[in-house]
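In: Coordinates only, no sequence provided:
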């Protein structure tokens, strides 16, 4: 079975500082990895995905994520956080050949002005 | 362009009532997914359609849950004899789905918040 762990409930960071949101995964085959962001009263928005190729993936709004197979991790990063980045972030994984996404419980990011 | 839309946005039902939740995917998207998101949790997979075919319904929690997509576009998730534990946000997502397996990103609707009293 596929699963995702997001170990921190909330991440607090000062505006302008680097932001990291952690994610580890478990799959039986090759992982397809995704990050989504959820703003209040709005649907999940796609940020980026890793399918194959370069381990560093760049996405929307200046976010990037690094796939690390040996550590089974896919941490989300942004070099300089903005107040508007405050939201709920979800990591998700899909096993090869399996169309279902397994989501983590989410991380609340709070960027402090 | 138009995204995924869901209706109603909010639904309050008395325990034992039947409810129907509608999803309009992005036009031309082959794949459609339903997820259930409990308060404070991540979405959990319910079922998956490719066009009108329901290819995976392994996430449906009981036989009270039923989903259909008869013409390969609009989908309806029906919950019969609702229970309090069914209270959640029900999310619909669609993707282009022209790759096999489908590794395209999924686009989510705003969800329907179901409250069962």
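Out: Structure's in. What do you need? Predicted, not measured: the structure shown is a model, and the values here were computed from it.

In: can you give me the strands for the chain?
Out: No chain was given, so I picked chain A. Assignment of strands within chain A using DSSP state E yields the ranges A:3-5, A:10-14, A:19-21, A:24-26, A:31-38, A:44-50, A:56-58, A:64-68, A:73-78, A:87-95, A:102-103, A:107-112.

In: not what I meant, chain B
Out: For chain B, the strands identified by DSSP E occupy B:5-7, B:10-13, B:19-24, B:31-37, B:44-50, B:53-56, B:65-68, B:75-79, B:88-95, B:107-108, B:112-116, in order along the chain.

In: can you redo these as a markdown table with mean neighbour count?
Out: For every residue, glycine as well, the C-beta is placed using N, CA and C. Written out in a markdown table, the entries for the strands of chain B read as follows (neighbours: other C-beta atoms under 10 Å in any protein chain shown):
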| stretch | mean neighbour count |
| --- | --- |
| strand B:5-7 | 17 |
| strand B:10-13 | 15 |
| strand B:19-24 | 18 |
| strand B:31-37 | 24 |
| strand B:44-50 | 22 |
| strand B:53-56 | 14 |
| strand B:65-68 | 18 |
| strand B:75-79 | 20 |
| strand B:88-95 | 24 |
| strand B:107-108 | 22 |
| strand B:112-116 | 18 |
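
In: Just give the number of residues close to residue 106.
Out: Assuming you mean chain A. Around residue A:106 sit 24 other residues, with neighbours defined as other C-beta atoms under 10 Å in any protein chain shown.

In: that's the other chain; I wanted chain B
Out: Residue neighbour count, defined by other C-beta under 10 Å, stands at 27 for residue B:106.

In: Just the pLDDT at it, thanks.
Out: We note a pLDDT of 91 for residue B:106 in this prediction.

In: Spatially, what comes nearest to it if we skip its sequence neighbours?
Out: residue B:93 (3.9 Å; C-beta to C-beta, 6 or more residues apart in numbering or on different chains).
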